[in-house]
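Student: Based on what follows, work out the 3D shape:
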Amino acid sequence: MITEFHIGVDDTDSRLAGCTTYTAALLFQEIVSKGFKPLDFPWLVRLNPNIPWKTRGNGALSLHFRIEEEKLEEVKKIAVATVERTTDLAQRGTDPAVVFLNGRAPNLLCEFSCRALYDILSVREARQIAQSAGAEVRLLKGSRGLVGALASVGANLDHDHTFEIMAYRTPENIGTTRRVNHDSVRQMDTLFHELTFNNIDPETGRVLICPHGPDPVLLGIRGEDPTSVTRALNQLEIDEPIERVMIFKTNQGTNAHLSCHRRIEALRPYQSTVITGRVSGAPRIVRGGHVIFKTGDETGAVDCAAYRATGSVRETALQLAPGDSVTVSGGIRLQPLGELTLNVERLEVTELVDTVRLENPHCSVCGGRCESMGKGQGFRCRKCNARLPRTSRVEKVEPRKIAPGVYIPPPSAHRHLTKPASRDGIRRPISFEIDNANIDRTLESLASISTAS
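Tutor: Numbering: from 1, shown residues only. Model prediction:
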């Protein structure tokens, strides 16, 4: 009897080396080589980016197959062996976990996965959810990786999602400078900018597809469909061998973590959240050039920080005025004295108040500008010396330097989940699926890329 079988993997990397996507790519290709049919591409599920103990992008991976029930134990052994082979268990904070689920993810697991995008979830709760969902858990060291591995299995990628093609380095090149021709990346971006995103920072020209750490990833191209990212990769000039290539279906570039609206009184450290309120104080610039503005609702107020690197977000925040209506999205940070700050990732200005400046009146005789004669003593015309004893300063509405709208940072300041401006308005139907023939063709194409390199 054939059944759906899901494998979740997390925390095989460390801050110094390794990569959970590499573990998943290796495992996926090994299972496919045994003749098992995938239900989809591997899933790269980015979870709450504000978790302080995450490694790099806080990504967890899951694989989805159709497998004969009598073959399940064989696949489990392959999975555990692959995770062991690609993990340095001596690294502090590396706690790999593998989760196996037979059949579709139940609602309680899907709800857990949703909360993992914007809350902090405990290992204790993860154990309870795994037991209730009938998931089998394998921990190779500590238990921290269980939350991500479990959440990746129950993730919902039926709606908005993207794809990323990753090329991996051969072992002897890991830790050296990545030899990808930057001019070819810029040319690729020109050709595929409508179907891929965040290849180049348009403000600085910096190449964004290559990481900088000592991990096995050579490059990653993100886009709307498997064909586009594959074609984009084929446009690049790469001057080092590629060990393997894999395409992941992912929630990157979707703002999936910014889906929970909260009252200010309910904010807690390390959440990803959205608040709506009014600016309750004049913005101020602090050390480093960052802008702080206070936003309040009926339950309280919180400082919002627009960092210098956020570009237009920071410049817009500086022009806010008390009374402006805003929707602010980002991560909650705990400051040294215990107060909370919302680090702004997305700023929507929904309504602007009129800002008024008090001016000295014009002379009623000659039209010249008047000057004050002192507190309570009225005004005197500078030109004709006429006196206006009962006249007061007049209010003049100043034009605002910003307009209602949505403001996001430049690509160089994006998090993995940040939705770029180029994807605004993109919605995918719930019925969107990739058939097995499409996956098979793509896998053959990826194999040819690795072989050619």
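Student: looking at this, residue 358 is in a strand?
Tutor: Yes - Residue 358 sits within a strand when classified using DSSP: H, G, I helix; E, B strand; the rest coil.
Student: so how many other residues sit close to it?
Tutor: When neighbours are counted by other Cβ atoms under 10 Å, residue 358 registers 9. Every residue, glycine included, has its C-beta placed from N, CA and C.
Student: Report the buried residues of the biggest strand by length in the chain.
Tutor: Using DSSP state E, we find that the single longest strand of the chain is strand 340-351. Of the residues in strand 340-351, those buried under the neighbour-count criterion (16 or more other Cβ atoms under 10 Å) are 340-349.
Student: Which elements pack onto that strand?
Tutor: Packing partners of strand 340-351 (3 or more Cβ pairs under 8 Å, 6 or more residues apart in numbering; DSSP states H and E): strand 272-279, strand 300-306, helix 312-318, strand 325-334, strand 405-407.
Student: Run the chain-centre distance for the second one.
Tutor: Read it as strand 300-306. The chain centroid and the centroid of strand 300-306 are separated by 20 Å, computed with Cα atoms, centre = their mean, to the nearest Å.
Student: Show me the contact partners of that strand.
Tutor: Taking Cβ atoms under 8 Å, 6 or more residues apart in numbering as the criterion, the residues outside strand 300-306 that touch it are 263-265, 267, 275, 277, 280, 290-296, 313-314, 316-318, 328, 330, 333, 339-344, 347.
Student: Just the buried ones among those residues, please.
Tutor: When the contacts of strand 300-306 are checked against 16+ other Cβ under 10 Å, the ones flagged as buried are 264, 267, 275, 277, 290-296, 313-314, 316-318, 328, 330, 333, 340-344, 347.
Student: so can I have CSV of the helices and strands packed on strand 340-351 showing mean pLDDT and distance to residue 220?
Tutor: Compiled in CSV, the helices and strands packed on strand 340-351 are given as follows (pLDDT from 0 to 100; distance: least, Cβ to Cβ, whole Å):
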stretch, mean pLDDT, distance to residue 220
strand 272-279, 98, 22
strand 300-306, 97, 28
helix 312-318, 96, 25
strand 325-334, 97, 23
strand 405-407, 95, 26
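Student: Take those and lay them out in CSV including distance to residue 393.
Tutor: Listed next are the helices and strands packed on strand 340-351 as CSV, based on distance: least, Cβ to Cβ, whole Å:
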stretch, distance to residue 393
strand 272-279, 25
strand 300-306, 31
helix 312-318, 26
strand 325-334, 28
strand 405-407, 33
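Student: of those, which approaches residue 202 most closely?
Tutor: For those, distance to residue 202 was read as Cβ to Cβ. The smallest value, 11.9 Å, belongs to helix 312-318.
Student: which secondary structure elements does the closest one contact?
Tutor: strand 291-297, strand 300-306, strand 340-351, strand 405-407.
Student: Now do the contacts for the closest residue to residue 7 other than its chain neighbours.
Tutor: In space, not counting the residues next to it along the chain, residue 7 is nearest to residue 63; the distance is 4.5 Å by Cβ to Cβ, 6 or more residues apart in numbering. With Cβ under 8 Å, 6+ apart as the criterion, the residues that contact residue 63 are 6-7, 9, 24, 27-28, 31, 38, 42-43.
Student: of those, closest to residue 232?
Tutor: Looking at the contacts of residue 63 and their distance to residue 232, the nearest is residue 42, at 18.8 Å (Cβ to Cβ).
Student: Contacts only, for that closest one.
Tutor: Taking Cβ under 8 Å, 6+ apart, one finds 24-25, 28, 61-63, 246-249 in contact with residue 42.
Student: And it, how far from residue 59?
Tutor: Taking Cβ to Cβ, to the nearest Å as the criterion, residue 42 is separated from residue 59 by 11 Å.
Student: Ok, residue 410 next?
Tutor: Using Cβ to Cβ, residue 410 is found at 22 Å from residue 59.
Student: Equivalent analysis for residue 311, please.
Tutor: Residue 311 is 25 Å from residue 59, where distance means Cβ to Cβ.
Student: isn't there a helix covering residue 76?
Tutor: Yes - according to three-state DSSP, the state of residue 76 is that of a helix.
Student: Could you check what's spatially nearest to it, not counting adjacent residues?
Tutor: Using Cβ to Cβ, 6+ apart and skipping the chain neighbours, the partner closest in space to residue 76 is residue 100 (5.9 Å).
Student: and if you look at residue 183?
Tutor: residue 237 (7.8 Å).
Student: pLDDT score assigned to the one you found?
Tutor: Confidence per residue is given as pLDDT, and for residue 237 that number is 97.
Student: can you check residue 380 too?
Tutor: 84.
Student: So which elements touch the helix or strand encompassing it?
Tutor: Take DSSP states H and E as the rule and residue 380 turns out to sit in strand 379-381. Here strand 379-381 is seen to pack against strand 370-372, strand 387-388 when contacts are counted using 3+ Cβ pairs under 8 Å, 6+ apart.
Student: coming back round to it: tell me how far the residue nearest to residue 7 lies from residue 24.
Tutor: In this structure, residue 63 and residue 24 are separated by 6 Å, where distance is defined by Cβ to Cβ.
Student: Nearest to residue 208, out of the helices and strands packed on strand 340-351?
Tutor: Ranking these by their distance to residue 208 (criterion: Cβ to Cβ) puts helix 312-318 first, at 17.6 Å.
Student: returning to what we had before: backbone dihedrals for the residue nearest to residue 7, please?
Tutor: When read as degrees, to the nearest 10, the backbone of residue 63 gives phi -120, psi 150.
Student: do residue 144 as well
Tutor: Residue 144 adopts backbone torsions of phi -60, psi -30, taken as degrees, to the nearest 10.
Student: where do the helices sit along the chain?
Tutor: 20-33, 72-85, 107-115, 123-133, 145-153, 182-192, 226-234, 312-318, 436-452 (DSSP state H).
Student: what's the most buried one of those helices?
Tutor: Each of those was given a mean neighbour count from mean count of other Cβ atoms under 10 Å, and the largest, a mean of 29, is that of helix 145-153.
Student: Alpha carbons of that helix, as PDB, please.
Tutor: Taking only C-alpha atoms (Å, rounded to 0.1, in the frame of the first residue of the first chain), the coordinates of helix 145-153 have been written out as PDB:
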ATOM      1  CA  GLY A 145      16.000  21.300  16.100                       C
ATOM      2  CA  LEU A 146      12.600  19.500  16.800                       C
ATOM      3  CA  VAL A 147      10.600  22.700  16.600                       C
ATOM      4  CA  GLY A 148      11.800  23.600  13.100                       C
ATOM      5  CA  ALA A 149      11.700  20.000  11.700                       C
ATOM      6  CA  LEU A 150       8.200  19.600  12.900                       C
ATOM      7  CA  ALA A 151       7.000  23.000  11.700                       C
ATOM      8  CA  SER A 152       8.500  22.400   8.200                       C
ATOM      9  CA  VAL A 153       6.300  19.300   7.800                       C
END
